[in-house]
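*Asks:* Quick one, structure for this:
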Amino acid sequence: MIPTELKPRPRLPDWLRITLPTSDRFARTRGLLDELKLHTVCESAKCPNHWECWSKGTATFMIAGDRCTRACGFCAVSTAKPLPLEGDEPARVAEATRRMKLKHVVITAVARDDLKDGGAGHFRQTIEKVRELNPGIVIEVLVPDFNESDESIDHVLAAHPHIFNHNLETVRRLTPSVRHRATYDRSLAVLKKVKDKRGASIHTKSGIMLGLGETEDELLQAMRDLRESRCDLLTLGQYLQPSLKHLPVVEFIRPEKFADYKVRAEAMGFVHVASGPMVRSSYHADEFQLPAEQGGSTPSL
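*Replies:* Here you go, the predicted structure:
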């Protein structure tokens, strides 16, 4: 449950303070996104890295609008009745990736529980348009749970993304208070289904926020649960309270602890682990290099 008493946010430790870039590329990226009328999770979720990413000419596209049907206690994206899908949005996303000369794109979306397929068809159209305009681009999707619908999952997989990302977000005990309508086991089941359907032809990915009050044992168990669901890639980052109406930060995890968790995760068998205070699901996503036989091409069935 989101706290009813608004308490001042704690002062950020030194390792979480950022210097805003001065590159004019930030303004060019913002101008392009405004011109094409595109939403990004960078802005809508108040990501602390968006200054850096936009200054490097990258962004995480958020399709299906900027109104979410869920009200998660950690997320800054607006909860409201969604607007109808925009039929030309997939083409606009593709055009943005072309102009930005992206080699790796991350496409996410708000939860659309109002739609029969949860927005999966819109994901498929966007992936197809991006690949049509940008042959060879690596496509990563960060999807909601689609209420574990096989039909919706199959819709997305039919477009052959290289990386299928769905975030576990937190440990089992904290899930009811952190994630509205989502469940811990459903998220694990979605990741497992993707592997059962596509096997080695696709990489699955998930992320966990630290600092919400989880114990180390709980975190390690969540990591083991992800591996049992055959999750390949893992991101671990510090939760930051986007506003006083959201869940408070219980603890700021030190950088050396993130480094320790990275070593432990790799020992569990994760193919790639990004672990650090500023890490987010799509932050430096292109640092993971696909195997040569998959890199940039349409994954094999």
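*Asks:* so where do the strands sit in the stretch 1-150 of the chain?
*Replies:* Remark: strands assigned in the stretch 1-150 of the chain by DSSP state E, counting those that start in this stretch are 39-40, 60-63, 67-68, 78-79, 104-109, 138-142.
*Asks:* Out of these, flag the one nearest Pro248.
*Replies:* Checking those against Pro248 by C-beta to C-beta gives strand 78-79 as the closest, at 18.9 Å. (C-beta placed from N, C-alpha, C; glycine too.)
*Asks:* Quick check: neighbours of that closest one in the sheet, parallel or antiparallel?
*Replies:* Sheet pairing for strand 78-79, assigned by DSSP bridges, gives strand 67-68 (parallel).
*Asks:* So which residues make contact with the strand it pairs with?
*Replies:* Cys75, Val77, Ser78, Thr79, Ala80, Lys81, Pro82, Leu83, Val110, Ala111 (C-beta atoms under 8 Å, 6 or more residues apart in numbering).
*Asks:* Would you report the backbone torsion angles of the last one?
*Replies:* Which is Ala111. phi -70, psi 130 (degrees, to the nearest 10).
*Asks:* measure it to Met223 for me?
*Replies:* According to C-beta to C-beta, to the nearest Å, Ala111 and Met223 sit 24 Å apart.
*Asks:* same deal with the first one?
*Replies:* Using C-beta to C-beta, Cys75 is found at 22 Å from Met223.
*Asks:* neighbours around Thr175, how many?
*Replies:* Residue crowding around Thr175 was assessed by other C-beta atoms under 10 Å; the count is 18.
*Asks:* what about the helices in the stretch 151-300 of the chain?
*Replies:* Counting by DSSP state H, counting those that start in this stretch, the stretch 151-300 of the chain has helices at residues 175-178, 184-198, 216-228, 255-268.
*Asks:* want to throw those helices into JSON lines with distance to Gly119?
*Replies:* As requested, the helices of the stretch 151-300 of the chain are exported to JSON lines (distance: least, C-beta to C-beta, whole Å):
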{"stretch": "helix 175-178", "distance to Gly119": "22"}
{"stretch": "helix 184-198", "distance to Gly119": "14"}
{"stretch": "helix 216-228", "distance to Gly119": "24"}
{"stretch": "helix 255-268", "distance to Gly119": "30"}
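*Asks:* and Trp15, which of those helices is closest to it?
*Replies:* helix 255-268 (5.3 Å).
*Asks:* can you pull the buried residues of the closest one?
*Replies:* Lys257, Phe258, Tyr261, Lys262, Ala265 (16 or more other C-beta atoms under 10 Å).
*Asks:* Including distance to Arg17, mean pLDDT and mean neighbour count, could the strands of the stretch 1-150 of the chain go into TSV?
*Replies:* Conversion of these to TSV gives the following (distance: least, C-beta to C-beta, whole Å; pLDDT from 0 to 100; neighbours: other C-beta atoms under 10 Å):
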stretch	distance to Arg17	mean pLDDT	mean neighbour count
strand 39-40	23	79	23
strand 60-63	23	89	25
strand 67-68	29	94	21
strand 78-79	27	90	14
strand 104-109	25	92	24
strand 138-142	27	94	24
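*Asks:* Looking at those strands, which is nearest to Val250?
*Replies:* Of all the strands of the stretch 1-150 of the chain, strand 78-79 sits nearest to Val250, with 23.0 Å by C-beta to C-beta.
*Asks:* before we move on, the earlier item: can you list the contacts of strand 67-68 in CSV and add distance to Arg124?
*Replies:* Output for these, formatted as CSV (distance: C-beta to C-beta, whole Å):
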residue, distance to Arg124
Cys75, 24
Val77, 22
Ser78, 25
Thr79, 25
Ala80, 25
Lys81, 24
Pro82, 18
Leu83, 20
Val110, 16
Ala111, 17
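*Asks:* Helices - which of those residues land there?
*Replies:* Assigned to helices by DSSP state H, none of the contacts of strand 67-68 qualify.
*Asks:* rewinding a little: in JSON lines, list the strands of the stretch 1-150 of the chain along with distance to Arg227.
*Replies:* Formatted as JSON lines, these follow (distance: least, C-beta to C-beta, whole Å):
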{"stretch": "strand 39-40", "distance to Arg227": "31"}
{"stretch": "strand 60-63", "distance to Arg227": "25"}
{"stretch": "strand 67-68", "distance to Arg227": "29"}
{"stretch": "strand 78-79", "distance to Arg227": "32"}
{"stretch": "strand 104-109", "distance to Arg227": "23"}
{"stretch": "strand 138-142", "distance to Arg227": "20"}
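*Asks:* out of these, nearest to Lys245?
*Replies:* strand 78-79 (11.2 Å).
*Asks:* and the longest strand for the chain?
*Replies:* Criterion DSSP state E: the longest strand present in the chain is strand 203-210.
*Asks:* How far off centre is it?
*Replies:* Centroid separation between strand 203-210 and its chain, computed with C-alpha atoms, centre = their mean, to the nearest Å, is 8 Å.
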